[in-house]
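>>> Build the 3D model from these lines:
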Amino acid sequence: MRLGLIVRYISFVLLINSAFMLLSALVSVFDGIGSDFFPLLLSAFITFTVGCFPFIFVPKNPNLNNKEINIFVVLAWVISCVFGILPYVLWGGEFNVANAWFESVSGFTTTGATILNDIEILPRGLLFWRSATHFIGGIGIVLFAVIVLQSQYTTRMRLTNAEVSLLAKDNFHFKAQHLLRVIVSVYIGLTVILTGFLVLFGMSFFDAINHAFSTVATGGFSTKNASIASFNSIPIGIIIIIFMIISGMHFGIIYSTITGRPKAMFHSPVIRFYLATMGIGAIIVTINLLVNGNYSNFFDAIYNSIFQVVAISSTTGFASADTTIWHPAAICILIYFSIQCACAGSTSGGIKVDRIYILWRSIVAQLKIRQHPNAVVSVRSANHIIEEKRVSSAMTYISLYLFITFVATLILSAFNIDLLSGFTTSLSFMGNVGPGMGQYGSLGNYATLPEIVKFTYPIFMLLGRLEIYALFLLFLHDKHR
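Next comes the predicted model:
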């Protein structure tokens, strides 16, 4: 393993982070050089300087093997989060080291959970940096590096493939060299379009671009304490709902729909399952809220039901209402969506709709086998047979994901955190969802978590963002080398 070469590649990641820190410092300049200017400028300088050293001391070699690529991917995420704490710690306020680490990891992994009691006290440059970590992490830190890397084609493709999960590649029906272009064009395109719509319907440009970063990255950081609810605008809420739904879809299918295959989106059984489950969930929550008196107005009930179901399912985590006071049945529906989440190939986290869909089709196949024991029954999707290895992979991942969530819940219970709060917090961190339930609801924050939890539990955010296996592979000894 050539550690020096891995460090050289990580230097590109640090330079990207330093560029966004500098951009955030410029935001502070336009805002009148606030208290965040020098922390952001110094952070950019430190990150840039450290990022430059490998170019001086490490010889250029464009080739990375598979083991080195896996190490690079994991370290790129971890080191970005480490350097991401600098603007927070240097600015101060609520940001001690534990809080800054939590906020940094939450930003880059697009979890969107915050430890801030008062978000609106932050100066604009720092608010922009928070949202920028979503923008970088949403598309993928490694993909950002690949855009600027001047490495050989093979290494660029390996790095792209390392960042894009195997599950997501099934619907990227493009040649390998077009994959990166598809992801970047959809990601940036959605961000620009959403920013324009939000400005058109009354948001300031600053709030609009911050919320566009958070929405398309399915992150959830807001510039307001009450999240989207603070704007008190139904049109803005509806626009956010639409873009949360779109951002939770496979980017390859979105690209195909826009560029000549308008029916591609509706031909995908996973997309249909994704939309149908959210629709059914929103209807159930609406009826529950009306029957139990949480809302007396039908429109308010259906609007907030749709908003919160979509926000949780897409893992964006924005809030239109305080869900902690909702009826337990409605909360159960939201908990389900924090497990399922959105589609592979999007910026969302969680188990992914694709795996839940495979699980459902597997159950149907098993019922047919029980009904006809001598029949040969395959797991099928839209007249296509799902390969056994894909079914096995999905079942294994779901089992491992839920087991890790159980372990995380068990640990939190040791800190006297109630079961509902502990379980939903663990789901939120693993799924990069943001809000939990109980103590840590949609309009709340994680400021009251014990310091040791703020230090250690971001690991679960990273586990979820990297889909578990990448971190585990670091500790797996390859006997066949």
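
>>> switch to C-alpha atoms for all contacts and neighbour counts from now on
Will do.

>>> Quick one: the helices in the stretch 251-400 of the chain, in order.
Remark: helices assigned in the stretch 251-400 of the chain by DSSP state H, counting those that start in this stretch are 251-258, 264-267, 269-291, 298-313, 328-340, 353-371, 388-413.

>>> pull the longest helix from the chain.
Longest helix in the chain, counting residues (DSSP state H): helix 3-30.

>>> I'd like the next helix or strand past it.
helix 37-57 (DSSP states H and E).

>>> which outside residues touch that following helix?
Residues outside helix 37-57 that contact it (C-alpha atoms under 8 Å, 6 or more residues apart in numbering) are 4, 7-8, 10-15, 17-22, 24-26, 28-29, 83, 86-88, 90-91, 125-126.

>>> Mean confidence (pLDDT) on that helix, please.
For helix 37-57, mean pLDDT rounds to 90.

>>> likewise stretch 460-475?
For stretch 460-475, the per-residue pLDDT averages 84.

>>> First-to-last residue distance for it?
By C-alpha to C-alpha, to the nearest Å, the extent of stretch 460-475 from end to end equals 17 Å.

>>> Check stretch 26-46 too.
17 Å.

>>> Roughly how far does F55 sit from N66?
22 Å.

>>> And L194, by the same measure?
37 Å.

>>> So the two - more neighbours on which side?
L194 (23 against 13; other C-alpha atoms under 10 Å).

>>> Could you verify that that one is part of a helix?
Yes - per DSSP: H, G, I helix; E, B strand; the rest coil, L194 lies within a helix segment.

>>> which outside residues touch the stretch of helix or strand L127 belongs to?
Following DSSP H and E, one finds L127 within helix 124-139. Helix 124-139 is contacted from outside by 20-21, 24-28, 31, 34, 36-37, 40, 84, 87-88, 104, 107-110, 144, 183-184, 187, 210-211, 213-214, 216-219, 221-223, 347, using C-alpha under 8 Å, 6+ apart.

>>> and the angle for it with helix 37-57?
40 degrees (axes from the mean of the first three to the mean of the last three C-alpha atoms, to 10 degrees).

>>> Measure how far helix 124-139 is from the centre of its chain, please.
The chain centroid and the centroid of helix 124-139 are separated by 13 Å, computed with C-alpha atoms, centre = their mean, to the nearest Å.

>>> swap in stretch 26-36?
28 Å.

>>> start to end distance for it?
For stretch 26-36, the end-to-end distance is 10 Å (C-alpha to C-alpha).

>>> List the buried residues of it.
Burial within stretch 26-36, assessed by neighbour count using 16 or more other C-alpha atoms under 10 Å, is assigned to L26, V27, S28, I33, G34, S35, D36.

>>> go on, stretch 418-434?
Neighbour count says stretch 418-434 has 420-434 buried, by 16+ other C-alpha under 10 Å.

>>> now it: how far from the chain's centre is it?
Per C-alpha atoms, centre = their mean, the centroid offset for stretch 418-434 relative to its chain is 14 Å.

>>> okay, and for this structure, where does confidence drop off?
1, 4, 57-64, 144-177, 264, 476-481 (pLDDT under 70).

>>> At the geometric centre of it, which residue sits there?
T110 (3.8 Å; C-alpha atoms, centre = their mean).

>>> That one reaches F213, doesn't it?
No - shown here, T110 and F213 do not form a contact pair, counting by C-alpha atoms under 8 Å, at 10.1 Å.

>>> which neighbours do these two share?
Shared contacts of T110 and F213, counting by C-alpha under 8 Å, 6+ apart, come down to H134, G219.

>>> Going along the chain, name the helices of the stretch 101-250 of the chain.
124-139, 141-148, 153-163, 166-169, 176-200, 205-216, 234-247.

>>> Among those helices, which comes closest to R465?
Among the helices of the stretch 101-250 of the chain, the nearest to R465 by C-alpha to C-alpha is helix 124-139 (9.2 Å).

>>> Now the closest one - C-alpha only, CSV.
What follows is helix 124-139, C-alpha atoms only, in CSV (Å, rounded to 0.1, in the frame of the first residue of the first chain):
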residue,chain,number,x,y,z
ARG,A,124,-23.9,34.6,7.0
GLY,A,125,-20.5,33.3,6.0
LEU,A,126,-20.7,30.5,8.6
LEU,A,127,-24.3,29.7,7.5
PHE,A,128,-23.1,29.4,4.0
TRP,A,129,-20.2,27.1,5.0
ARG,A,130,-22.7,24.8,6.8
SER,A,131,-24.8,24.6,3.6
ALA,A,132,-21.6,24.2,1.5
THR,A,133,-20.7,21.1,3.4
HIS,A,134,-24.1,19.7,2.2
PHE,A,135,-23.3,20.7,-1.4
ILE,A,136,-19.9,19.0,-1.3
GLY,A,137,-21.2,15.9,0.5
GLY,A,138,-24.4,15.5,-1.5
ILE,A,139,-22.7,14.8,-4.8
